[in-house]
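Undergrad: Provided below for reference: sequence and predicted model.
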Amino acid sequence: MTRKIFVNLPVKDLKRSISFFKELGFQFNQQFTDETAACMVIADDIYAMLLTHAKFKTFTKREIADTTRFAEELTALSFESKAKVDDLVETALKTGAIESGSCTAGASTTSTVIPGRSSGWTRATSRRPDGKLRHSGRKTR
């Protein structure tokens, strides 16, 4: 049996989030998408479920983090080249992502991608339009 991963992420504006990620080149599985949730395909067996706050709250009694004050999650995706990371970050900024500043792990802001300290990863950090951080990278060694 193949294992699949579904990462559940609360979003403030589902339509805006879908539009944002489509601009970045992601596809959505319509079988698991409705007015309360969208299934974003990251890889053959990896998905991000973008959930409205109301839908997300059906899975937990805990509060959803205020991402203007707290980190809710860190997501890292790998890409085949530094150029692809740069393109993705540039598109994200044009589509509404906000520069998040430096990451203590050696990542740059979204405007400049630099190699990580000793890990050999090229990194970029951006804040999605809904305030959540996203990291993109490529293994360089």
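TA: Everything's here; your move.

Undergrad: so residue 72 sits against residue 64, correct?
TA: Yes - counting by CB atoms under 8 Å, residue 72 does reach residue 64; the two are 7.4 Å apart. The C-beta positions use only the backbone N, C-alpha and C, and glycine is treated the same way.

Undergrad: which residues do the two both contact?
TA: Common contacts of residue 72 and residue 64 (CB atoms under 8 Å, 6 or more residues apart in numbering): residue 10.

Undergrad: how close does residue 48 sit to residue 69?
TA: As judged by CB to CB, to the nearest Å, residue 48 and residue 69 stand 23 Å apart.

Undergrad: those two - which one has more neighbours?
TA: Neighbour count, other CB atoms under 10 Å: between residue 48 and residue 69, residue 48 has more, with 22 against 7.

Undergrad: residues contacting that one?
TA: Residue 48 neighbours (CB under 8 Å, 6+ apart): 6-9, 39-40, 42, 75.

Undergrad: return the member of these nearest to residue 33.
TA: For the contacts of residue 48, the closest approach to residue 33 (CB to CB) belongs to residue 39, at 5.3 Å.

Undergrad: that closest one in helix, strand or coil?
TA: strand (DSSP: H, G, I helix; E, B strand; the rest coil).

Undergrad: hang on, it packs against residue 51?
TA: No - Residue 39 is beyond contact range of residue 51, at 10.0 Å (criterion: CB under 8 Å).
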